[in-house]
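Chemist: Sequence first, predicted model second:
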Amino acid sequence: MSLIKKIKDKKVNFEFNKEYIKVVTSKIANNDAQFITNSFNEMHPADAADIIEHLGQNDRESLIKLNNFNIDPEVFIELNESVQSEIIAYLSPDTIVRLLKNLESDDAITILENVDEKDKNTILSSLPPKDRFALLESLSYPEDTAARIMQREFTAVPSNWSVGQTIDYLRENKDLPEEFLEIFIIDEDFKPIGTVPSSKVLTTSRETKMLSIMSESQLLIPVDMDKEEVGNVFENYSLNSAAVVDKSNKLVGMIMYDDVLTVLKEEAEEDALRLAGVGDEEITDGVFKKTRRRFNWLLLNLFTAFLATWVISLFGATIEQMVVLAFLMPIVASMGGNAGMQTLAVTVRTLATNDLTKNNFTQNILKEFNIGILNGIIFAIISALVVQVWFQDSLLSLIISMSMIVTMIVAGLFGILVPITLKKMDIDPAIASSVFVTTITDVIGFVSFLGVSAYFL
């Protein structure tokens, strides 16, 4: 997928126009496919996709089923995945084949992933043998691997070619990607040994050998590398593109920076949703589907709430001696929970980007310990002053300040220890960390506050 291609010769509209949506809706009702087609052709594919996404589900279905309306492949790939899945159900196999033929292999794979299994074989059998083989091979790899986001179209030339031969090849070969920044240099076994920027080819004399101007330093992406790790590699080394190799190190594809940007965006969104306990929820999901996805998480939170309540019940006698404790204990637990979630969010992100390693693990633990102490002291002083002014009770001020320090320290430590432990157990820390951290900080907050209170009272 090329960002350059999508921008050129298209009017980019950065504002969503509600009035225009009404116009499109009325044209759909009047079966005016020609107006919609002409309008979409005049705008950026992303804007056309935005309009389709903001239509109601019934209007989307009516639009796709309009006679003489064929959705543009470049518009289709700009749609979010849930809308793509919805629209695919309305498309005939012939239309899907047309889409696949007009897209690069990485985008074709994205579409094919959303096709029902019963239709997939029919669609694949209608494709040219070369395209069918490439797509089937990509589909044979797990969904979250480099093979699923790479494109099979790339530019590679033998190391013994001259610049002149390369230029002639680029001009005559029609199977090359529409845009590319680097030319891969391969040996006789089709293994990549270096790269040459396309700009360097244009500024070098025709007689020069490609081998003499290539850069040997390159990062090769294995086909089975996790796509999130691919994103980290691109981010760490500021890559524009990278060669993808199979198990025998032969060149099989190329990953472009725009595909990696999509991966990083999806992973960031996924982690944010999972931390909130809503999984891979989409805006187009129905009420029952969303309820079902949230149910397990809320049920787990209910049990942890009962656990915290049980802990409080253990100190019933202490609370009876000083009822005001019941007013203040949520403050300590809330501060601990928020501090723990701050550390958790940072830790999950560092784990996702591989910034947290064995070498800096102890250093980060000590750092969170020190942050907990510092925050604990600061908020202990603030809380003590407020309680003193409010209740005129020095003992109560001492109790809340001591428990605040303990809670903030524990919150910081468990905010980093819980996701790391889950990671070592091969459990996605973004999925389960927050409920454990919240439970631990609540329990520790109640125990520290009520325990210190019981000691002094």
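Modeler: Right, received. Where do you want to start?
Chemist: Check the gap between Asn80 and Tyr90 for me.
Modeler: Separation of Asn80 from Tyr90 (Cβ to Cβ, to the nearest Å) stands at 16 Å. C-beta: built from backbone N, CA, C; applies to glycine.
Chemist: try Glu267
Modeler: 29 Å.
Chemist: again with Leu63
Modeler: Counting by Cβ to Cβ, the gap from Leu63 to Tyr90 is 9 Å.
Chemist: Between these two, tell me which one has more neighbours.
Modeler: Higher neighbour count among Leu63 and Tyr90: Leu63, with 21 against 14, using other Cβ atoms under 10 Å.
Chemist: Look up the closest residue to that one, ignoring the ones flanking it.
Modeler: Leaving aside its sequence neighbours, Leu63 sits nearest to Ile28 (Cβ to Cβ, 6 or more residues apart in numbering; 5.1 Å).
Chemist: and if you look at Gln34?
Modeler: Closest to Gln34 by Cβ to Cβ, 6+ apart is Asn68, at 6.8 Å.
Chemist: Could you say which helix or strand holds the residue nearest the centre of the chain?
Modeler: Nearest residue to the geometric centre of the chain (Cα atoms, centre = their mean): Glu267, 1.5 Å. Here Glu267 is covered by helix 257-275, with elements defined by DSSP states H and E.
Chemist: now do Ala380
Modeler: helix 358-391.
Chemist: from what I can see Gln151 touches Met254, true?
Modeler: Yes: with contacts counted by Cβ atoms under 8 Å, Gln151 reaches Met254, the gap being 5.8 Å.
Chemist: overlap in contacts of those two?
Modeler: Listed as contacting both Gln151 and Met254 by Cβ atoms under 8 Å, 6 or more residues apart in numbering are Pro177.
Chemist: show me what contacts Lys200?
Modeler: By Cβ under 8 Å, 6+ apart, the contact set of Lys200 is Ile213.
Chemist: Try it again at 10 Å.
Modeler: Going by Cβ atoms under 10 Å, 6 or more residues apart in numbering, Lys200 touches 163, 182-183, 208, 210, 213-215.
Chemist: what helix or strand does it sit in?
Modeler: Element membership for Lys200, per DSSP H and E: helix 198-202.
Chemist: Over to Ile221?
Modeler: Going by DSSP H and E, Ile221 is in strand 220-222.
Chemist: Where does pLDDT dip in this structure?
Modeler: Under the criterion pLDDT under 70, the flagged ranges of the chain are 1-17, 268-286, 290, 293, 297, 353, 430-432.
Chemist: quick one: the strands in it?
Modeler: Under the criterion DSSP state E, strands of the chain are mapped to 156-158, 182-186, 192-197, 220-222, 241-245, 251-256.
Chemist: elements contacting the third one?
Modeler: For strand 192-197, the elements it packs on are strand 156-158, strand 182-186, helix 210-213, strand 241-245, strand 251-256, judged by 3 or more Cβ pairs under 10 Å, 6 or more residues apart in numbering; DSSP states H and E.
Chemist: how about 6 Å then?
Modeler: Contacts defined by 3 or more Cβ pairs under 6 Å, 6 or more residues apart in numbering; DSSP states H and E place strand 192-197 against strand 182-186.
Chemist: hmm, back to that, and the strand holding Ile221, how far from the chain's centre?
Modeler: Taking Cα atoms, centre = their mean, to the nearest Å, the mean C-alpha location of strand 220-222 is offset from the chain mean by 20 Å.
Chemist: May I see the buried residues of it?
Modeler: 221-222 (16 or more other Cβ atoms under 10 Å).
Chemist: Next: stretch 303-320.
Modeler: In stretch 303-320, counting by 16+ other Cβ under 10 Å, buried: 304, 308, 311-312, 315, 318-319.
Chemist: try stretch 188-206
Modeler: Going by neighbour count (16+ other Cβ under 10 Å), the buried part of stretch 188-206 is 190-192, 194-196, 200-201, 204.
Chemist: Contact partners for Ile440?
Modeler: Phe414 (Cβ atoms under 6 Å, 6 or more residues apart in numbering).
Chemist: And it, how far from Met329?
Modeler: 16 Å.
Chemist: ditto for Ser434
Modeler: Distance from Ser434 to Met329, by Cβ to Cβ: 21 Å.
Chemist: Neighbour count: those two, which is higher?
Modeler: A direct count of neighbours by other Cβ under 10 Å for Ser434 and Met329 places Ser434 higher, at 25 against 21.
Chemist: Spit out the contact partners of Ala308.
Modeler: Taking Cβ under 6 Å, 6+ apart as the test, what Ala308 contacts is 442-443.
Chemist: same deal with Thr25?
Modeler: So Thr25 contacts Asp59 (Cβ under 6 Å, 6+ apart).
Chemist: Show the residue spans covered by the helices in the stretch 101-250 of the chain.
Modeler: 105-113, 117-125, 129-139, 163-172, 198-202, 210-213, 227-237 (DSSP state H, counting those that start in this stretch).
Chemist: just the ones you listed: most buried one?
Modeler: Comparing these on average neighbours per residue, with mean count of other Cβ atoms under 10 Å, the densest one is helix 105-113 at a mean of 21.
Chemist: Pull the residues that contact that one.
Modeler: Residues contacting helix 105-113 (Cβ under 6 Å, 6+ apart): 1, 77, 100, 134, 138, 148-149, 151-152, 259.
Chemist: picking up where we left off before, could you double-check that the residue nearest to the centre of the chain lies in contact with Asp226?
Modeler: No: contact criterion Cβ atoms under 6 Å: Glu267 and Asp226 do not qualify, at 10.1 Å.
Chemist: Out of the buried residues of stretch 188-206, flag the one nearest to Ile378.
Modeler: Thr195 (52.4 Å; Cβ to Cβ).
Chemist: Any idea what the closest residue to that closest one other than its chain neighbours is bridged to?
Modeler: Nearest non-adjacent residue to Thr195, counting by Cβ to Cβ, 6+ apart: Glu182, 4.6 Å away. For Glu182, the beta-bridge partners are Pro197 (DSSP bridges).
Chemist: how near is Glu182 to Met404?
Modeler: 56 Å.
Chemist: Neighbour count: those two, which is higher?
Modeler: Neighbour count, other Cβ under 10 Å: between Glu182 and Met404, Met404 has more, with 27 against 24.
Chemist: Let me see the contact set for that one.
Modeler: Here Met404 is in contact with 332, 376, 379-380, 383 (Cβ under 6 Å, 6+ apart).
Chemist: and what of Val163?
Modeler: 201, 204, 206, 208.
Chemist: of all those, which comes closest to Phe446?
Modeler: If you rank the contacts of Val163 by distance to Phe446 using Cβ to Cβ, Val201 comes first, at 68.4 Å.
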